[in-house]
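Asker: Just to be clear, the model below is a prediction. Sequence and coordinates:
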Amino acid sequence: MNTSPRHTSPQRILTTHVGSLPRPEHVVTQLFAQDSGLNYIEAEFDTIMAAEVSGVVARQAASRVDVVSDGEMSKISYATYIRHRLTGFELGEMPRATPRDLDDFPDFKERLAKLGATPKYQRPICTGPIAVKDLAGLHKDIANLQTAVAAAGSTATPPVRAFMNSASPGVIAVFQPNRYYASTEQYLQALAEAMATEYEAIVAAGLDLQIDAPDLAMGRHIKFRDVDDNEFLRNAHLQVEALNHALRNIPAERIRMHVCWGNYEGPHHFDIGLEKILDVVLKAKPATVLFEGANPRHAHEWEVWAKAGREGKIADHKVLAPGVLDTVNNFIEHPRLVAQRLLTYANIVGRERVMAATDCGFGTFAGFGAIHPPICFAKLASMAEGAKMASDELWGRA
């Protein structure tokens, strides 16, 4: 596996995705057993996860994904998994965090709930001091991904690199209520110190680190739904400061950050505009930014990036990885549409500073997801074809 810190190729636009992929039902069963502590057998869990990571990396390679992940097979969700690795969290009764946009359409909100599109997870609550508790799961995840990528290296379309997801201090703070620390700042500081160990272990293993930070966008219409933009942005800056502190020992080129407004079908008419959060997003240390660029609510925001580029706000080392696939519908995007989207961003920052990505994950929560699994990989294959089209135009190949 190539562990070069470069996130792009000098010959073509590379392809990647946000991280989570559909989990088979027997994997979901194992994850809920682990999370509840009921019928959980560690050896059985480990065997199944190793096999599934191997399989999902092979499927990514077959779909010509260049920068692959473990599909987050071993995580029940992108943020709540941390209670198994850190002290200070316990399960408790908390009202569900519901997006503000769904409140305007109660019948639709009820329909989603009946369809199981709004998963009911037990929410960890911070009730004590946060510290590293047990990183055995992390090290198993790293080993599984390394083994799977090595095996895929002998295929016709070997991965270029691999990445692993990890929750930002901000997203943990936004979705896991604090009942222990005296202030948000103290809570974020404790999370940053604890999560730094996970971040550094991922990079030390030769993997790229992906920071999942929907708190910088989705947080606006969930936790901060009842305050004004200024208060939300004040907290967003605190979240980025905590993140940057946690990343202090890692080169920016080895880090990517995902920002999104929530991976669910809904009106999204209360999503905060990219133009309002772009400064705080660009303030974060990660060199590569993955963001929504395909769905009907945010596809137009290439204009925001273009304006920022003209104004010199996008640092020269930043790489843009726009979502060119929508992750909440089963349309397979036409490769030409993918190419058009990539060419748009290449015109903003240059061909060497663009990657093809997805709006969000295909399996944000274990057991839930709008995309039929085979269609997920067909969408990824179409992305690869579109990236080749764009690359051929940008590099002048006949």
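Answerer: Cool, the structure landed. Numbering: from 1, shown residues only.

Asker: So which bits of the least confident helix or strand in the chain by mean pLDDT are buried?
Answerer: In the chain, no helix or strand scores lower on mean pLDDT, DSSP states H and E than helix 106-115, which sits at a mean of 82. For helix 106-115, a neighbour-count test (16 or more other Cβ atoms under 10 Å) marks 109, 112 as buried. All C-beta spots, glycine's among them, are computed from the backbone N, C-alpha and C.

Asker: on contacts alone, who are the packing partners of the very next helix or strand once past it?
Answerer: The element immediately downstream of helix 106-115 (helix or strand, assigned by DSSP states H and E) is strand 123-126. With contacts taken as 3 or more Cβ pairs under 8 Å, 6 or more residues apart in numbering; DSSP states H and E, strand 123-126 sits against strand 89-92.

Asker: Report all helices and strands that the strand it packs on contacts.
Answerer: Strand 89-92 sits against strand 123-126, with contacts defined as 3+ Cβ pairs under 8 Å, 6+ apart.

Asker: about what we covered before: and the least confident helix or strand of the chain, C-alpha only, in PDB?
Answerer: Extracted in PDB, the C-alpha atoms of helix 106-115 (Å, rounded to 0.1, in the frame of the first residue of the first chain):
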ATOM      1  CA  PRO A 106     -44.900  16.000  10.800                       C
ATOM      2  CA  ASP A 107     -46.600  13.500   8.600                       C
ATOM      3  CA  PHE A 108     -43.500  12.900   6.600                       C
ATOM      4  CA  LYS A 109     -41.500  12.700   9.900                       C
ATOM      5  CA  GLU A 110     -43.900  10.000  11.100                       C
ATOM      6  CA  ARG A 111     -43.600   8.100   7.800                       C
ATOM      7  CA  LEU A 112     -39.800   8.100   8.000                       C
ATOM      8  CA  ALA A 113     -40.000   6.700  11.600                       C
ATOM      9  CA  LYS A 114     -42.400   3.900  10.500                       C
ATOM     10  CA  LEU A 115     -40.000   3.000   7.600                       C
END
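
Asker: Need the contact partners of it.
Answerer: 98, 102-103, 118, 264-267 (Cβ atoms under 8 Å, 6 or more residues apart in numbering).

Asker: can you pull the contacts of D134?
Answerer: By Cβ under 8 Å, 6+ apart, the contact list for D134 reads 84-85.

Asker: run the last query once more with 10 Å
Answerer: By Cβ atoms under 10 Å, 6 or more residues apart in numbering, the contact set of D134 is 84-87.

Asker: and if you look at E193?
Answerer: E193 neighbours (Cβ under 10 Å, 6+ apart): 130-132, 169, 242, 245-246.

Asker: Show me the shaky parts of the stretch 51-200 of the chain.
Answerer: Along the stretch 51-200 of the chain, segments meeting pLDDT under 70 span 94-96, 115-122.

Asker: what are the phi and psi angles of T344?
Answerer: phi -60, psi -50 (degrees, to the nearest 10).

Asker: Quick check: closest non-adjacent residue to it.
Answerer: In this structure, T344 finds its nearest non-sequential neighbour in W302, 5.1 Å apart by Cβ to Cβ, 6 or more residues apart in numbering.

Asker: Are we agreed that that neighbour is in a helix?
Answerer: Yes: with DSSP: H, G, I helix; E, B strand; the rest coil as the criterion, W302 is part of a helix.

Asker: Quick check: C260 vs Q146, distance?
Answerer: For C260, the distance to Q146 (Cβ to Cβ, to the nearest Å) stands at 27 Å.

Asker: ok, these two, which is more surrounded?
Answerer: C260 (24 against 17; other Cβ atoms under 10 Å).

Asker: Isn't that one up against T364?
Answerer: Yes: contact status for C260 versus T364: in contact at 9.3 Å, counting by Cβ atoms under 10 Å.

Asker: got any residues that touch both of these two?
Answerer: Counting by Cβ under 10 Å, 6+ apart, the common neighbours of C260 and T364 are 18, 212, 214, 327.

Asker: Pretty sure the second one sits against Y199.
Answerer: No: D212 sits out of contact with Y199 when judged by Cβ under 10 Å, with a separation of 11.8 Å.

Asker: Which residues are in contact with S54?
Answerer: S54 touches 70, 73, 144-145, 147-149, 151-152, counting by Cβ under 10 Å, 6+ apart.

Asker: Let me know the closest of those to M355.
Answerer: V149 (17.7 Å; Cβ to Cβ).

Asker: where's that closest one, which helix or strand?
Answerer: Secondary-structure assignment from DSSP H and E places V149 in helix 136-152.

Asker: Equivalent analysis for M73, please.
Answerer: Going by DSSP H and E, M73 is not part of any helix or strand.

Asker: Please report how far S77 lies from R397.
Answerer: From S77 over to R397 (counting by Cβ to Cβ), the distance is 42 Å.

Asker: Between those two, point out the one with more neighbours.
Answerer: Taking other Cβ under 10 Å, S77 and R397 do not tie; S77 has more neighbours (22 against 10).

Asker: So for the nearest residue to the more buried one once chain neighbours are set aside, what's the pLDDT?
Answerer: Closest residue in space to S77, ignoring its immediate chain neighbours: F365 at 4.9 Å, by Cβ to Cβ, 6+ apart. F365 is assigned 88 on the pLDDT scale.
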